[in-house]
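Participant: Predicted model and sequence follow; I will ask about them next.
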Amino acid sequence: MAKLYFYYGAMGSSKTANALMTRFNYEEVGQKALLCKPKIDTRFGNDKVHSRIGLEYESIFVEELVKMPEKEIKKYDCVIVDEVQFASKEQVDFLSDIVDIYDVPVVCYGLRADFRNELFPGSERLLAIADVITELKTVCWCGRKATCNARYNENGIVREGAQVELGANDRYVALCRKHFKEGKLRK
């Protein structure tokens, strides 16, 4: 029986690397996996999922997936979604339809919360309906578990602004809750 999986974690918890390894594992045993991401994520080109450790693979957009006919989706043994936090509630509901109606497992990877510790729409929906929810862990500079995604600039931690502002280590850092509250990027 297929399930809807949600793997979440703070920045740097290897979510994308895990998504790419999951795709590889399916294909290594002769199964077909479809890799996709929301259209807003164009950091590494429109047709690729790319991890910071250098792994990458071809992908499609979630927006293309929701328009795909049932017979096309059923050709896959698994659908893998990276950066799922950027998906809409309706797109996540469609992912659950892939599981419930087409009996194809869907494995999602993404952030739980933004730089203000507010849930992203896609993540909020997955926390409500996913069959399996797993945290991928990383650490703060102090060694504690990092659960917060701090946006920063030359003046320190940014506390206001648009929910979505694409970036990586140049704009975001994972912090424990204490250092996030204190606004402490380093010792």
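Facilitator: Received it, and whenever you're ready, just let me know what you need.

Participant: longest helix anywhere in the protein?
Facilitator: helix 15-28 (DSSP state H).

Participant: right, and the helix or strand after that one?
Facilitator: Counting by DSSP states H and E, the next helix or strand C-terminal to helix 15-28 is strand 33-37.

Participant: in that following strand, what counts as buried?
Facilitator: Residues of strand 33-37 classed as buried by neighbour count (16 or more other Cβ atoms under 10 Å): Ala33, Leu34, Leu35, Cys36, Lys37. Every residue, glycine included, has its C-beta placed from N, CA and C.

Participant: Neighbouring strands - and their directions - for that strand?
Facilitator: With DSSP bridges as the test, strand 33-37 is paired with strand 60-61 (parallel), strand 78-81 (parallel).

Participant: Ramachandran angles for the closest residue to Ser88 other than its chain neighbours?
Facilitator: Leaving aside its chain neighbours, Ser88 sits nearest to Pro121 (5.9 Å; criterion: Cβ to Cβ, 6 or more residues apart in numbering). Here is the backbone geometry of Pro121 (degrees, to the nearest 10): phi -60, psi -50.

Participant: the domain parsing of the protein - what is it?
Facilitator: 4-135, 148-182 (automatic domain parsing).

Participant: any idea of the mean pLDDT for the last one?
Facilitator: Domain 148-182 shows a mean pLDDT of 77.

Participant: The first one too?
Facilitator: Here domain 4-135 scores 89 as its mean pLDDT.

Participant: Confirm for me that Met23 is in contact with Gln31.
Facilitator: Just so we're on the same page, residue 23 is Arg rather than Met. No: counting by Cβ atoms under 8 Å, Arg23 does not reach Gln31; the two are 10.1 Å apart.

Participant: Among those two, which residue is more densely surrounded?
Facilitator: Arg23 (23 against 11; other Cβ atoms under 10 Å).

Participant: Apart from its chain neighbours, what residue comes closest to that one?
Facilitator: Among residues not flanking Arg23 along the chain, Ala33 sits closest, at 4.6 Å (Cβ to Cβ, 6+ apart).

Participant: Tell me which stretches of this structure form strands.
Facilitator: Per DSSP state E, the chain carries strands over the ranges 4-8, 33-37, 48-50, 56-58, 60-61, 78-81, 106-110, 132-135, 148-153, 156-158, 172-175.

Participant: Adding distance to Phe94, write these out as a markdown table.
Facilitator: Compiled in a markdown table, the strands of the chain are given as follows (distance: least, Cβ to Cβ, whole Å):
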| stretch | distance to Phe94 |
| --- | --- |
| strand 4-8 | 11 |
| strand 33-37 | 11 |
| strand 48-50 | 19 |
| strand 56-58 | 21 |
| strand 60-61 | 13 |
| strand 78-81 | 10 |
| strand 106-110 | 10 |
| strand 132-135 | 18 |
| strand 148-153 | 26 |
| strand 156-158 | 33 |
| strand 172-175 | 28 |
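
Participant: If anything else comes up later, I'll come back, but that's it for now.
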